[in-house]
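K.L.:
have a look; sequence and predicted model below, questions after that.
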Amino acid sequence: MNPWEVVIGIETHAQLSTRSKIFSGSPTAFGAPPNTQANAVDIALPGVLPVLNKGAVECAIRFGLAVSATIASRSVFARKNYFYPDLPKGYQISQYESPVVVGGQLAITIGETEKVVRLTRAHLEEDAGKSLHEDLGRDFAGMSGIDLNRAGTPLLEIVSEPDLRSAAEAVAYARALHALLRWIGVCDGNMQEGSFRCDANVSVRRAGQAELGTRREIKNLNSFRFLQQAIDYEVQWQIATLEDGGRIEQATVLFDPASGETRTMRSKEDAHDYRYFPDPDLLPLVIDPEWVAAIRARMPELPVARRDRLIADYGLSAYDAGVLTSALEIANYFEDSVAVAGKANAKTCANWVMGELAG
Ligand code: ADP
Ligand code: MG
């Protein structure tokens, strides 16, 4: 028996597919020239007032419904205060004590095994700007640049309970979450552009031990492969450290894809370091149950339900139905092709979509 048990909880930042920012009318489009899409509200020049984007709230509600969570009838935006060059306003607006989405769960599949991962919460917040250290052009060689275009972009931060027990489970969770967000149309899922990024909190404990071990948080993993590699490295490092008689300090670490290693970025800050307080410029977010009901009525059939229906209606294997429901477009394409070819040819359609078409 393996003497060590791995424990992982994941925090995901999903960029919401709104056209404008969470508290201002400036556009969120990716790839514009630096500093052309941040207005006075996004950088909090004196005297401005943020106005909440209703579309971002609707995205959060859609997500909450998709994971069977509670939609809070009242939630609060707070200021999280910290200094960073890409955050000239000196604070980030984020929900803290009262998030808009509470609880919920996500089913994942690892090989033949299904597992339900509990979610803690999902809250709305704004993104910060970006520091650029490379490729700034000849005039800026050796310097760092600040691009504030991303400042104020709406994010949904989704926090899981520490229910994951391996890198493989963590990747299955991230993939399922990524697919669900795209399926319900709230996030484009573009990982190169940073629309979906994960922080993995990792600890180990002796098999049979009740308390959780001390965790280290690996920041900003923007590919499933990096998530896997970073956790694999971190787990063996923590076990080796403990077996050598060392102890794990709570810390925030970065994964370096070139070396395949994690290294400490800073010792972990506590919530009180940020001096959270309710943003005096924003009213509490009050959500009318009728609005939630209207959004619920427009929700698509969700991936798990669709998968089960494909199995029941067309006699597909669980594996095939899983592949066909990995994205809404694929599921629709499959059912459209069955509508043409006839139900008797469903298996042939499935093979064609998963083989020729996918290829
Ligand atoms: P923060 O990172 O902002 O301090 P939390 O303390 O709520 O927030 O934890 C964030 C994430 O860390 C959650 O996904 C949670 O499941 C996970 N987590 C908490 N404790 C542990 C632990 N001992 N080992 C692994 N993951 C953990
Ligand atoms: Mg964290």
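P.N.:
Received the coordinates, thanks. Ligands and ions are numbered 1, 2, ... in the order given.
K.L.:
what's stretch 49-63 in contact with?
P.N.:
Here stretch 49-63 makes contact (CB atoms under 8 Å, 6 or more residues apart in numbering) with 16-24, 41, 69, 71, 77, 93, 100-101, 122-124, 154, 156, 158, 180-181, 184-187, 279, 281-282, 285, 287, 291-292, 295, 299. Yep, even glycine has a C-beta here, placed from its N, CA and C like the rest.
K.L.:
OK, contacts around the residue in the chain that ligand 1 sits nearest to?
P.N.:
Relative to ligand 1, the nearest point of the chain is Gly9 (2.2 Å; CB to the nearest ligand atom). Residues near Gly9 by CB under 8 Å, 6+ apart: Thr120, Val159, Ser160, Glu161, Pro162, Asp163, Leu164, Asn201, Arg215.
K.L.:
thinking again about what came up before, okay, and which of the contacts of stretch 49-63 map to strands?
P.N.:
Among the contacts of stretch 49-63, the ones falling in strands (DSSP state E) are Ile71, Phe77, Ile93, Val101, Ala122, His123, Leu124, Pro154, Leu156, Ile158, Leu285.
K.L.:
residues near the last one, how many?
P.N.:
Read that as Leu285. Residues lying near Leu285 (other CB atoms under 10 Å) number 19.
K.L.:
quick check: closest non-adjacent residue to it.
P.N.:
Excluding its sequence neighbours, the residue lying closest to Leu285 (CB to CB, 6 or more residues apart in numbering) is Ser75, at 4.8 Å.
K.L.:
quick one: contacts for the one you found?
P.N.:
Applying CB under 8 Å, 6+ apart, the residues near Ser75 are Gln95, Ser98, Pro99, Val100, His123, Leu124, Pro284, Leu285, Ile287.
K.L.:
from what I see, the third one and Leu156 are in contact.
P.N.:
No: no contact is recorded between Pro99 and Leu156 when judged using CB atoms under 8 Å, the distance being 9.9 Å.
K.L.:
can you work out which residues contact both of these two?
P.N.:
Ala122, His123, Leu124.
K.L.:
which among these end up buried?
P.N.:
Ala122, His123, Leu124 (16 or more other CB atoms under 10 Å).
K.L.:
nearest spatial neighbour of the first one, skipping sequence neighbours?
P.N.:
Take Ala122 and drop its neighbours on the chain: the residue closest to it by CB to CB, 6+ apart is Val101, 3.8 Å away.
K.L.:
before we move on, what about Tyr82?
P.N.:
Tyr274 (6.0 Å).
K.L.:
burial count for that neighbour?
P.N.:
17.
K.L.:
in contact with it: list those residues for me.
P.N.:
With contact set as CB under 8 Å, 6+ apart, Tyr274 has these partners: Lys80, Asn81, Tyr82.
K.L.:
next, give phi and psi for the residue nearest to Ile110 when sequence neighbours are not counted.
P.N.:
Excluding the flanking residues, the one nearest Ile110 by CB to CB, 6+ apart is Ala172, at 4.9 Å. Phi and psi for Ala172, reported as degrees, to the nearest 10, are phi -60, psi -40.
K.L.:
cool, and Leu49?
P.N.:
Dihedral angles for Leu49 - degrees, to the nearest 10 - are phi -130, psi 130.
K.L.:
can you give me the helices in the stretch 151-300 of the chain?
P.N.:
Counting by DSSP state H, counting those that start in this stretch, the stretch 151-300 of the chain has helices at residues 167-183, 224-243, 289-297.
K.L.:
can I get those in CSV including distance to Gly145 and mean neighbour count?
P.N.:
Below are the helices of the stretch 151-300 of the chain laid out as CSV (distance: least, CB to CB, whole Å; neighbours: other CB atoms under 10 Å):
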stretch, distance to Gly145, mean neighbour count
helix 167-183, 29, 21
helix 224-243, 24, 18
helix 289-297, 40, 12
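K.L.:
which of these sits closest to Glu335?
P.N.:
Closest to Glu335 of the helices of the stretch 151-300 of the chain, according to CB to CB: helix 167-183, at 14.5 Å.
K.L.:
right, I'll leave it there.
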